[in-house]
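Visitor: how would this look folded up:
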Amino acid sequence: MIIQIKNEEEVTAILNRTPADKLVILNFYAAWAEPCAQMNQVFEAIATKSPDAAIYLSIDAEDESNAFTTEKYDVSAVPYFLFLKDQTVLEKISGADPALLRSAVEKHSGVEILNLPPKQTTASSSSVANGATTETGGEGGGGEEDINERLTKLVSAAPVMLFMKGTPAQPQCGFSRQLVALLREREVRYGFFNILADDEVRQGLKIFSDWPTYPQLYYEGCLIGGLDIVKEEFESNPDFLRPSDATPSTGLSV
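Guide: A predicted model of the protein is given here:
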């Protein structure tokens, strides 16, 4: 029911032979991103319950064979879903929001999706803010302990995590823009979190990290620092943050 895309030619062939009134859903993901694993399960559940509602395609956004497709559709964040009919984009969904994904499938296919597991059909605003999925343990918030638990998971959501103002495509401050450019230049894979989209994280991370300004860069859950420190690290070690098998990345949101 879900077609795992291996290269751009497969996408083109499928779109060319699909009837104009048939819905096609493209699921862009990254294997290392935990929110993608969650949404891949939701995507599979929807495809299983409603196989005739759409043609379901899954695309590894970091596979070089799919580079043309990810660039064509301007994929800068994962999870990322595109809804197409007659090769025209109807809707884009960025982030880990199972309820929103289900609603969009129903809206564009005209098919009601029944009997999905409850855990996959609802998501709190706190657990999916900016597409970064964390387990916050119930409704209504739980004070300092819960935010610290959430931040601990967020800073480890990807091996390299950037907390910035805005997104790599649209930085909202000069320091964030410079750090994104530096990571791109050094071909560092990273996840990012837009702290302007979540004031709880924006304020809480300052206390959590004992670092009052943004951007903040983390490696394997540990704070490296801001722009100046990252610059110094790269000057002393050009391979800083870059594994030997790294491939270029503009940054994918988690």
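
Visitor: CA only for contacts and neighbour counts going forward, please
Guide: Fine.

Visitor: Who are the contact partners of T167?
Guide: 192-194 (CA atoms under 8 Å, 6 or more residues apart in numbering).

Visitor: where does the protein dip in pLDDT?
Guide: 76, 117-145, 242-254 (pLDDT under 70).

Visitor: At which residues are the strands of it located?
Guide: Applying DSSP state E to the chain gives strands spanning 2-4, 24-29, 55-60, 80-85, 88-94, 160-164, 191-194, 216-219, 222-225, 252-253.

Visitor: can you redo these as JSON lines with mean neighbour count and distance to G174?
Guide: Listed next are the strands of the chain as JSON lines, based on neighbours: other CA atoms under 10 Å; distance: least, CA to CA, whole Å:
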{"stretch": "strand 2-4", "mean neighbour count": "15", "distance to G174": "39"}
{"stretch": "strand 24-29", "mean neighbour count": "25", "distance to G174": "29"}
{"stretch": "strand 55-60", "mean neighbour count": "21", "distance to G174": "31"}
{"stretch": "strand 80-85", "mean neighbour count": "22", "distance to G174": "26"}
{"stretch": "strand 88-94", "mean neighbour count": "15", "distance to G174": "24"}
{"stretch": "strand 160-164", "mean neighbour count": "26", "distance to G174": "10"}
{"stretch": "strand 191-194", "mean neighbour count": "27", "distance to G174": "14"}
{"stretch": "strand 216-219", "mean neighbour count": "22", "distance to G174": "13"}
{"stretch": "strand 222-225", "mean neighbour count": "16", "distance to G174": "16"}
{"stretch": "strand 252-253", "mean neighbour count": "27", "distance to G174": "19"}
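
Visitor: Neighbours of P238, how many?
Guide: P238 has 12 neighbours, counted by other CA atoms under 10 Å.

Visitor: Phi, psi for it please.
Guide: Main-chain torsions, P238, degrees, to the nearest 10: phi -60, psi -20.

Visitor: which residue packs closest to it, ignoring adjacent ones?
Guide: Closest residue to P238 apart from its sequence neighbours, by CA to CA, 6 or more residues apart in numbering: R186 at 8.0 Å.
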